[in-house]
Structure formats: structure tokens, C-alpha cells
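With the sequence up front, the predicted model follows.
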Amino acid sequence: MKINFRKIGRRLLRFISFIIILILCGYIFLYIKQERFFFNPKILDKNYSYSFDQPFEEVNIAVEDDINLNALLFKTDSISKGLIVYFHGNAGAIHEWGERAYLYTENKFDVLFVDYRGYGKSDSFYEEESELYNDAQKIYDYALTRYDEKDIIVLGYSIGTGFASYTAANNNPKLLILEAPYYAWNEFIANIAPVPKALINYEIPSYKFLGEVDCPIRVFHGSKDFLIKPEEHSKRLKKLYPNKIELTLIKGAGHNGIYLSKQYYDELKELLDRY
């Protein structure tokens, strides 16, 4: 039987060309619609009614004309030591994130959870990186209308650590807490997905922001976080700013389980007792 190598070659070339076109189309789609990949919101009806086992106040924070961010302010039963401004992760909405409020209210701090654009009952959606920073500052400005800056702590979790770092760099809170932070968002995405860094519109360079932070910085990171690996992110940040950052690895914790750990609870209590 005679093998037609030319025919086989043409078929192979067409197959390779198809794969290349498919990859290029994927890159183009990601470049145009990457916000849909980075942000994974739970959308709530505007009439949704929040319910928690502790007192809270629902507020809306204006960040641009006709754009408001929905927020929940939880109050401690004790005499408040101040406010924790909480920048949450990339999934869900504050009807879920608010379940963590007890971690802070039990330690005599009020806590403000805010949904980003497109999350929960918040308006609009992000189209560029500058909008993230605008909103972070507007959230902090709102906090300043209700609390003295000397009594404000900024806390960020996962994607929120970049916004928290930016906020602390451009203001003067008394403490910055980062949970599962990344060195830079574009680098993190490029390392976990086959995407050229140049195609990622959002840099969110936490390592740059932290250089401008004047307050103490406490970092918590799960020792078994296989998404944002501590070796590639928190430990690099600690090495970059050894005299600024206090790093605590939560033993056995993954990316989503830090706050469930007794070690975290005890470490957090000891930290907030000092402030």
C-alpha cells in the first residue's frame, strides 16, 4: 500500500493551523473579555434583603455619577476600637462574605464589607484598572466620614489584597492586613494560565504599592495554598520588604480556608488586641 505523505502533510498542516487559530481566538477573546474571567461575582436583586445573626447597616457608597457600591457595616457589641475596611476575594458577594464579620466584631472592631462593581447589588462593571483604584479610594474616603483615620485598619483577601495595598499606600491607616496576597496580578495570571503577560490589562502591582506603605503590614497565607503559592508571592514580598512585613503561614490551610483555622483565629485575636 502506497502512503501519500504529501496528503498526510497537508492534513497535518491544516490541523496545526486550526489549533493556532483557535489559540489566537482564545487570546483575543480573553483580551477583550478578561474581566469576566478575573471577576466571578454573585449578582443579587436590588431588593435582596440581607440577614445575619448580628447587627449590621446597609449603605451605598457613590464612586462615580450614577455608580454606587453596596456595602454592609457590622458593629461590635463592645466599645469599638475602630473600623476594618475589608476588600474581599474575586467570587461571591457580601451576603456571603459578611458571614466572616464575627472574626472582627468579636475582637472589638467594626468591619465594612463592600461589593465591587458588578457584585451583589453594586452598579456597573469594571472596564479598566484605574476604576479599581478609584473605587478603593472612594471606599476609604467613606470610612473617613465615620471613623478617625488613626482607628482604621485595611484588610484585603486574595484579589482584594492588591486594592488594600493600594489604599494603604495612598492613605495612613494604622495597620494593613493581607490574606493570600499576590506579588502582581498580571504575573500571577500569566503563571497559572498559558497567557502572555502582555495580554493582561490589569497589572495590580502589589509589590510596588507596599513600598509606599508606612504602617505595619501583617500577611497571612495558607501553607497549602496551591492557587496563590506563598513561595511565589508572600515569601517574595517578605524578602523584598523584610523590615516592613510580618508573615505568618497558616499550617495546612489552602487558599479558601485561612479564616477557618484556629491558628488564624488565635493569631488574628493577638494582632487586633495590639491595635
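Nice, I can see it. Numbers count the residues shown, from 1 in each chain.

going forward, measure contacts and count neighbours with C-alpha atoms only.
Noted.

How far off centre is the helix or strand that residue 265 is a member of?
Under the criterion of DSSP states H and E, residue 265 resides in helix 262-273. In terms of C-alpha atoms, centre = their mean, to the nearest Å, the centre of helix 262-273 is found 21 Å from the chain centre.

Renumber starting at 10 from here on
Shifting the count to begin at 10 puts that one at helix 271-282.

Going by neighbour count, list what's buried in it.
272-273, 277-278 (16 or more other C-alpha atoms under 10 Å).

In CSV, list these along with pLDDT and distance to residue 217.
Formatted as CSV, the buried residues of helix 271-282 follow (pLDDT from 0 to 100; distance: C-alpha to C-alpha, whole Å):
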residue, pLDDT, distance to residue 217
272, 96, 29
273, 95, 27
277, 96, 25
278, 96, 29
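
and which of the residues you listed is nearest residue 254?
residue 277 (15.3 Å; C-alpha to C-alpha).

follow-up on the earlier one: with distance to residue 89 added, can I get the buried residues of helix 271-282 in JSON lines?
Formatted as JSON lines, the buried residues of helix 271-282 follow (distance: C-alpha to C-alpha, whole Å):
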{"residue": "272", "distance to residue 89": "24"}
{"residue": "273", "distance to residue 89": "21"}
{"residue": "277", "distance to residue 89": "16"}
{"residue": "278", "distance to residue 89": "15"}
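
Greatest separation within these: which pair is it?
272 and 278, at 9.9 Å, using C-alpha to C-alpha across the buried residues of helix 271-282.

where does the stretch 110-259 of the chain dip in pLDDT?
202-208 (pLDDT under 70).

Which residue ranges of the stretch 110-259 of the chain form helices?
Ranges of helices in the stretch 110-259 of the chain, per DSSP state H, counting those that start in this stretch, are 111-114, 138-153, 169-178, 194-201, 215-219, 243-249.

quick one: the closest residue in space to residue 219 that isn't next to it in sequence from residue 277, how far?
Of all residues not flanking residue 219 in the chain, residue 174 sits nearest, at 6.0 Å (C-alpha to C-alpha, 6 or more residues apart in numbering). To residue 277, residue 174 is 19 Å away according to C-alpha to C-alpha, to the nearest Å.

what does residue 105 give?
For residue 105, the distance to residue 277 - C-alpha to C-alpha - is 20 Å.

Then residue 176?
Taking C-alpha to C-alpha, one finds residue 176 at 21 Å from residue 277.

Please apply the same query to residue 97.
From residue 97 across to residue 277, the span is 17 Å (C-alpha to C-alpha).

How about residue 71?
According to C-alpha to C-alpha, residue 71 stands 31 Å off from residue 277.

Would you map out the domains in the chain?
The chain breaks down by automatic domain parsing into domains covering 10-42, 50-282.

Comparing those domains, which stretch has the densest surroundings?
Counting by mean count of other C-alpha atoms under 10 Å, domain 50-282 has the highest mean neighbour count of the domains of the chain, with a mean of 19.

Between its first and last residues, how far does that domain reach?
33 Å.

ok, for residue 263, nearest residue in space, not its chain neighbours?
Ranked by C-alpha to C-alpha, 6+ apart and with sequence neighbours excluded, the top spatial neighbour of residue 263 is residue 234, at 4.1 Å.
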